[in-house]
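> sequence-free structure coming up:
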DNA sequence: TGGCATTATGACTGAATAGTCAGGTTTGAC
DNA sequence: GTCAAACCTGACTATTCAGTCATAATGCCA
């Protein structure tokens, strides 16, 4: 029984994973409409009909990729409280988001395109959850401000700012690569993170934790 | 003669403008592949063949929309010198970019998708010009830093940061609207601009010009 | 061995759609 | 009036592509 399940899972699950990875790549670089099932199949090294065996429609496949993406959004900031240190918490959040941009740029791009196109596939569940998350984080930041721990900045704009500037490194990597002349490596991301943390925290009137201090200064 | 040209121009130019506006809308919300010539024609209120009379191929039409977009990128910052005041100059640049996000969100979206998809249609001319612009701006910011006018921040990351956070209001307007419960109006953009200027300039160790001070504080 | 579930796939279909073409109409100059 | 250039358009073609279907192979257990 265990054996059976294991084998079943390993065939099906393995193919699903291969297909999802191929689809992620294709959707990220060409969008939903720009991607054909045949392309995904070729990338996955499988016949097209086999792809459609695992995912009934192209749209189903896209939804699967998209929800895989959304599951990456979780963060330590989700669990923060007003007792936490704002500088440490925000710095860690920025660092986490930057790390995501580095390790999962395709996910970020897919999400970006989904939003740019009007988010037709983000359902009410996602919207509600996202709203609740936002409310919670805003409340905590407001408490920090009340307690005089940081300058009075509108928490909404602060969060938009963090999302924008961190996701930018994934979504606009093409532009950044062309301007720099080469791709950003791990150390470059590390530098960028420090600068981002420094500029954002300083902007909020917070001291930059040592860990994020820029070496050269 | 003048009459002839004027009339010729008014028929052709008028239709071109109508088509470009329709195409901008369609491309911004559905991308290149997601948009059919028929859709553009319907939006423009013209038969499809008439659209193809003015723009030989869908790709030609897209290129026309894209270059229209790029022509909006010009800014007062382009002409700045090291003698200028960093606070005023950067604040004005941020405000200009925010105004562009408000008045031309579709252009911003088209540019964003072009970059996300690997910028296949941005030619060497654009890349070179963009590189030169970047070098020039970086040099000026470095001078400001040398002169002790602002904190030492890496100019590259500063500029990425400004682009990211301002364009975000156009590209991710769907997300922002859902979180706020309503679309951002002119006054909301004005508030957002002030916050962005404040957080960015403070992050650079600059005093915020009165014009951008947040009222409630 | 036989039987069942899962997995695999080539051949096909129908719809969408970019672009062509041939012929038509309007406009303005002379 | 007439001529040329610009403008307009219905009908058609060729291609791409999502999704179906009928038919297999495979693996597993009794």
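Arrived safely, thanks for sending. Quick caveat: nothing in here was measured; it's all calculated off a predicted structure.

> Can you tell me the centre-most residue of chain A?
Relative to the mean C-alpha position of chain A, the nearest C-alpha, by Cα atoms, centre = their mean, is the one of residue A:108, at 4.8 Å.

> Tell me which helix or strand residue A:91 sits in.
Using DSSP states H and E, the secondary-structure element containing residue A:91 is helix A:86-103.

> Any buried residues in that helix, and which?
Taking 16 or more other Cβ atoms under 10 Å in any protein chain shown as the basis for neighbour counts, the residues of helix A:86-103 that come out buried are A:86-87, A:89-98, A:100-102. For glycine as for every other residue, the C-beta is placed from the backbone atoms N, C-alpha and C.

> what about the lowest-mean-pLDDT helix or strand in chain A, distance to the chain center?
Lowest mean confidence among the helices and strands of chain A (mean pLDDT, DSSP states H and E): helix A:2-34, at a mean of 79. Relative to its parent chain, helix A:2-34 has a centroid offset of 20 Å by Cα atoms, centre = their mean, to the nearest Å.

> packing partners for that helix?
When contacts are defined as 3 or more Cβ pairs under 8 Å, 6 or more residues apart in numbering or on different chains; DSSP states H and E, helix A:2-34 sits against helix A:37-44, helix A:48-54, helix A:58-70, helix A:105-116, helix B:2-34.

> quick check: angle from the first one to helix A:2-34?
With axes from the mean of the first three to the mean of the last three Cα atoms, to 10 degrees as the basis, helix A:37-44 and helix A:2-34 are set at 130 degrees to each other.

> and chain A, what are its domains?
Split into domains by automatic domain parsing, chain A comes to A:2-63, A:73-206.

> Out of these, name the one with the poorest average pLDDT.
For the domains of chain A, mean pLDDT drops lowest on domain A:2-63, to a mean of 87.

> Near DNA strand C, which residues of chain A? Just list them.
By Cβ under 7 Å from any atom of the strand, the residues of chain A that approach DNA strand C are A:8, A:11-12, A:15, A:46-50, A:52-54.

> near DNA strand D, from these?
Counting by Cβ under 7 Å from any atom of the strand, the members of the residues of chain A next to DNA strand C near DNA strand D are A:48-49, A:52.

> Neighbour-wise, which one of those residues leads?
Greatest neighbour count in these, by other Cβ atoms under 10 Å in any protein chain shown, goes to residue A:52: 17 neighbours.

> show me what contacts the spatially closest residue to residue A:109 that is not a sequence neighbour?
Leaving aside its sequence neighbours, residue A:109 sits nearest to residue A:28 (Cβ to Cβ, 6 or more residues apart in numbering or on different chains; 4.3 Å). Residue A:28 sits next to A:105-107, A:109-110, B:116 when contact means Cβ atoms under 8 Å, 6 or more residues apart in numbering or on different chains.

> Distance check, residue A:28 against DNA strand C.
Relative to DNA strand C, residue A:28 is positioned 22 Å away (Cβ to the nearest atom of the strand, to the nearest Å).

> ditto for residue A:82
Between residue A:82 and DNA strand C the computed distance is 48 Å (Cβ to the nearest atom of the strand).

> Which of the residues of chain A next to DNA strand C are buried? Put it as a ChimeraX command.
Of those, the buried ones go into a single ChimeraX selection, burial set by 16+ other Cβ under 10 Å:
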select /A:15,46,52,54
